[in-house]
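Asks: sequence? don't have it. structure:
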DNA sequence: TGGAGATAAAATGTCAACAATAACTAAAGA
DNA sequence: TCTTTAGTTATTGTTGACATTTTATCTCCA
């Protein structure tokens, strides 16, 4: 009998890192809650050594904050920090879009079209809600960043910022923001990429994320009012 | 007698992290070289436990790469990766500049002016060389990112990308790139910030970094020719 | 009743030893 | 001479125990 279903050639610290990360991003570990080492090491059945290494990796992803002699806490993003992330995404995905427009081949554009078509199908059969709830929105952004062919940019966005975004959405249990409008903007962006118009693609993507940020801000303001 | 000159309320792993990071960035630990745990733990007089945590933090900063069961290696940036960093810097410092233009107060602009005046003085008394060799260039970019008031952006640039940039400069022992021209561009950028013209400030900064990237690329091409 | 201080419990930081894997060395065969 | 293979060495991965610090609890006193 094999050791496990799918665990080989990887270290304990890395495996537990993955598990804790998804636990954080999916809200299983509440934002702001303490990361208790003895408790977690017991839960995952490992020693504190590799666990601490995993926590240090989580710190690198900005998913936990460590205070010396006090311990790690799951990050809790406030309104300002969420906006900061949008500001960074706007810049990074803007350049990702520009690069994608210059570097994407015809087959890449086909994939983008197919992705959008698939999403459109889901929207029509679902009244437009599930698309953005089920991270279909991120799928689109994911693919564009991939097409930028900038590995570091990909790791930054897909390995760090998107996780934080998901954490925030889960934390505030926020509803999908303006799905129909966003979907139209996605189409415009693909148009620009297909035309290899890097400048326009960058502009559209920056505007796309900027609008999402503004929608979030106004939504947050509304919550404060209530 | 005190324990040490300046070491308290911090953990061993964090202290060693700082030491190794500077050792890497300053070229003391050669790019591509192996990070030997027994050797380093002996050198710094600590156990392998905290050392491994420090290495994991270094991995988070992208300064080392860890392979399971093999160990960590100091990153060695190739030409493509250096360009990737420039592409990211262009986007991030662009938005940093835009934010700085909208958020910087009069006293902040005064600080920028003083910094440039100080640099100008150094240039005149030094024939323009030391300014950019001694990271005076980074001082300028540092301050602007601070003025953006985006903490995450600051940590990203100043806590990660600038270190990688220094590593690459040290690795290729590259000379300062076009100091006089860059200095003029710095002045233009401050002008835009002082006028609270965010759009222009972003444009100028992006162009500034874009030119630096192009200079680097042509310089690298020249090396290939020889 | 409320707070200050002492005590106890728990958590974090650190270390040294053991296990498992990879890297190196040397011998044997073609 | 080169390649393969076995054995040895070194390094990484993991664990449990100990030290130190923080946090919680309890007592005492105003």
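Replies: Received the coordinates, thanks. Keep in mind that this is a model prediction, so the values were computed, not measured.

Asks: How far away from the center of its chain is stretch A:210-223?
Replies: Its chain's C-alpha centre and that of stretch A:210-223 lie 18 Å apart, by CA atoms, centre = their mean, to the nearest Å.

Asks: Also stretch A:204-224?
Replies: On the basis of CA atoms, centre = their mean, stretch A:204-224 sits 16 Å off its chain's mean C-alpha point.

Asks: same check, this time on stretch A:174-189
Replies: Centroid displacement of stretch A:174-189 relative to its chain, using CA atoms, centre = their mean, is 16 Å.

Asks: can you check stretch A:171-185 too?
Replies: With CA atoms, centre = their mean, you get 14 Å for stretch A:171-185.

Asks: How about stretch A:203-218?
Replies: Stretch A:203-218 has its C-alpha centroid displaced from the chain centroid by 16 Å (CA atoms, centre = their mean).

Asks: now swap in stretch A:99-107 and tell me
Replies: In terms of CA atoms, centre = their mean, the centre of stretch A:99-107 is found 22 Å from the chain centre.

Asks: Would you mind pulling the contact partners of that stretch?
Replies: Stretch A:99-107 is contacted from outside by A:108, A:112, A:144-145, A:147-150, A:153, A:192-193, A:195-198, A:200-202, B:87, using CB atoms under 8 Å, 6 or more residues apart in numbering or on different chains. All C-beta spots, glycine's among them, are computed from the backbone N, C-alpha and C.

Asks: same deal with stretch A:59-75?
Replies: So stretch A:59-75 is in contact with A:21, A:24-25, A:29-37, A:55-56, A:58, A:159-160, A:163-164, A:167, B:9-11, B:14, B:56-57, B:59-61, B:152, going by CB under 8 Å, 6+ apart.

Asks: Weed out the non-buried ones from these.
Replies: Listed as buried from the contacts of stretch A:59-75 are A:21, A:24-25, A:29, A:31, A:35, A:55-56, A:58, A:160, A:163-164, A:167, B:56-57, B:59-61, B:152; burial here means 16 or more other CB atoms under 10 Å in any protein chain shown.

Asks: Restricting to these, which residues neighbour DNA strand C?
Replies: Counting by CB under 7 Å from any atom of the strand, residue A:35 from the buried ones among the contacts of stretch A:59-75 sit close to DNA strand C.

Asks: and the buried ones among the contacts of stretch A:59-75, which of them are in helices?
Replies: The members of these that map onto helices under DSSP state H are A:21, A:24-25, A:55-56, A:58, A:163-164, A:167, B:56-57, B:59-60, B:152.

Asks: for those residues, which one is nearest DNA strand C?
Replies: Set against DNA strand C, the nearest of those by CB to the nearest atom of the strand is residue A:55 (8.1 Å).

Asks: And the closest one, what's its pLDDT?
Replies: Here, the pLDDT recorded for residue A:55 equals 98.

Asks: pLDDT averaged over whichever strand or helix holds residue A:107 - what is it?
Replies: Taking DSSP states H and E as the definition, residue A:107 sits inside helix A:106-124. For helix A:106-124, mean pLDDT is 87.

Asks: How about residue A:35, nearest residue that isn't a chain neighbour?
Replies: Once flanking residues are discounted, residue A:35 sits nearest to residue A:72: 4.0 Å by CB to CB, 6 or more residues apart in numbering or on different chains.

Asks: For the one you found, the count of nearby residues, please.
Replies: Neighbour count of residue A:72, defined by other CB atoms under 10 Å in any protein chain shown: 20.

Asks: Check whether the host helix or strand of residue A:216 comes near chain B.
Replies: Taking DSSP H and E as the criterion, residue A:216 maps to helix A:198-225. No - counting by CB under 8 Å from any CB of the partner chain, chain B has no neighbours in helix A:198-225; the shortest distance is 9.0 Å.

Asks: Please list the residues of chain A that sit near DNA strand C.
Replies: Contacts of chain A with DNA strand C, taken as CB under 7 Å from any atom of the strand, map to A:9, A:34-39, A:48-49, A:52, A:66, A:68-72.

Asks: Return the subset of the residues you listed lying in helices.
Replies: Of the residues of chain A next to DNA strand C, the ones assigned to helices by DSSP H are A:37, A:38, A:39, A:48, A:49, A:52.

Asks: Counting neighbours, which of those end up buried?
Replies: Buried by 16+ other CB under 10 Å: residue A:52, out of those.

Asks: and the residue of chain A nearest DNA strand D?
Replies: Sorted by distance to DNA strand D under CB to the nearest atom of the strand, the residues of chain A start with residue A:49, at 2.1 Å.
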